[in-house]
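In: Here is my input; please provide its structure:
(one chain, ligands or ions: 1)
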Amino acid sequence: MLFTKMHGLGNNYIFINLLENTLEEDSLPTLARNLSDVRFGIGSDGMILICDSKVADFRMRIFNADGSEGKNCGNGLRCVAKYLYDHQFVDSESFTIETLGGIVEVHISEKKKEVEYVTVDMGEPKLLKTMIPMIGEPMTMTINEPFEIGGNQYRLTCVSMGNPHAIMFVDDVHKVPLDKIGPMIEHSDIFPERVNVGVVAVKKPNELDYRVWERGSGITMACGTGACAAVVAATLNNKIEKDQSITVHLPGGDLEIRWDENNHVWMKGKAEYICHGEFKLEDFTKEKLLKASGE
Ligand SMILES: N[C@@H](CCC[C@H](N)C(=O)O)C(=O)O
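Out: As a prediction, this is how the structure comes out:
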């Protein structure tokens, strides 16, 4: 099976082109876990499938490193757009991609020999508790609301960009022990489908620092949907203004995010290849690799 490993700001995935191939549905969670294993697999934050769609030009499916299927992936969308355009599966510079979180429109915004930057209309953020989903009054929003999790108090603002994000504001994102609080909040009973956990520091009226603990993958270098959620959360908390281009600094690099007057969130950033390769499918569809790595 051929694969391409790509990243958006260090958030790296193994991409499999299913426009030309098929995989058994039942094997996908195990395949994602095994391929993502850094010791016995290829090593990645997860697996992304590029598929045909009945309702959009293409379809993207994202599996986290633990094998769970995510509903959206901002960094993945930019990589998928680059792959499709560079490999001439599409010749238009704007096209649509279906995700479990909805259909988005991607625009090739800068290219030389190959695509460098992609802009994505990530659609409208969903803010009601029922849409995150999370416990509480279903038709209300969660803006800087206090929650007790694992004996500590956290003030969370919750935003779905197709997938769920719990955001909290801090003075210095680098001082937060995300490896400890991330999994606690991810698995809290407050979020029945778990949650991505982000910490945000507002540096200037148009600049944020953001770090993330991703549902199903742990700490990653960047999260595109998370950066969008961070900008929405900062706006809802009156820390920044709507309809401005905000630079979000992530450990792996910067994204430009704008929540516009029409309620759409736009994301612009890089997408890059790491390598192309081939693996034997039957070696990666059994559970043995995870057992060997003791997880
Ligand atoms: N890294 C991604 C998000 C991937 C899915 C997420 N972990 C989830 O389960 O919701 C991004 O760039 O948005």
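In: tell me the mean pLDDT for stretch 211-231?
Out: When the per-residue pLDDT values of stretch 211-231 are averaged, the result is 98.
In: Just the C-alpha atoms of that stretch, please, in CSV.
Out: Coordinates of the C-alpha atoms in stretch 211-231 are reproduced here as CSV (Å, rounded to 0.1, in the frame of the first residue of the first chain):
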residue,chain,number,x,y,z
ARG,A,211,-0.8,24.8,22.7
VAL,A,212,-2.9,21.7,22.4
TRP,A,213,-3.5,18.3,23.9
GLU,A,214,-5.4,16.4,21.1
ARG,A,215,-8.1,13.9,21.8
GLY,A,216,-6.7,10.5,20.7
SER,A,217,-3.2,11.8,19.9
GLY,A,218,-1.9,13.7,22.9
ILE,A,219,0.4,16.7,22.6
THR,A,220,1.0,17.7,19.0
MET,A,221,2.9,20.5,17.4
ALA,A,222,-0.2,22.2,16.0
CYS,A,223,-3.9,21.8,15.6
GLY,A,224,-5.7,23.7,12.8
THR,A,225,-9.3,23.3,14.1
GLY,A,226,-7.9,24.2,17.6
ALA,A,227,-6.3,27.4,16.3
CYS,A,228,-9.7,28.4,14.8
ALA,A,229,-11.4,27.5,18.1
ALA,A,230,-8.8,29.6,20.0
VAL,A,231,-9.6,32.7,18.0
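In: quick one: strands adjacent to the helix or strand encompassing Trp213?
Out: Under the assignment given by DSSP states H and E, the secondary-structure element containing Trp213 is strand 207-214. Paired neighbours of strand 207-214 in the sheet (DSSP bridges): strand 196-204 (antiparallel), strand 218-220 (antiparallel), strand 246-250 (parallel).
In: Off-centre distance for it?
Out: Between the centre of strand 207-214 and the centre of its host chain there is 12 Å, according to Cα atoms, centre = their mean, to the nearest Å.
In: Same check on stretch 91-104?
Out: Stretch 91-104 has its C-alpha centroid displaced from the chain centroid by 15 Å (Cα atoms, centre = their mean).
In: I'd like the mean pLDDT over it, please.
Out: Over the span of stretch 91-104, the pLDDT mean works out to 98.
In: I'd say Gly136 and Thr142 touch.
Out: Yes: here Gly136 reaches Thr142: they are 7.1 Å apart, a contact under Cβ atoms under 8 Å. Where C-beta positions appear, they are placed from N, C-alpha and C, glycine not excepted.
In: Give the residues shared as contacts by these two.
Out: Listed contacts common to Gly136 and Thr142 are Lys129; contacts here mean Cβ atoms under 8 Å, 6 or more residues apart in numbering.
In: Have a look at those two and say which one is more surrounded.
Out: Using other Cβ atoms under 10 Å as the criterion, Gly136 and Thr142 rank with Thr142 on top: 23 against 17.
In: how about the residues of this protein near the ligand?
Out: With Cβ under 6 Å from any ligand atom as the criterion, the chain comes near the ligand at residues 11, 62, 64, 70, 73-76, 163, 196, 214-217, 220, 223-226.
In: Narrow those to those that are buried.
Out: If you count burial by 16 or more other Cβ atoms under 10 Å, the buried members of the residues of the chain next to the ligand come out as 11, 62, 64, 70, 73-76, 163, 196, 214-217, 220, 223-226.
In: now the helix or strand hosting Ala230: how far from the chain's centre is it?
Out: According to DSSP H and E, Ala230 maps onto helix 224-236. In terms of Cα atoms, centre = their mean, the centre of helix 224-236 is set 12 Å apart from its chain centre.
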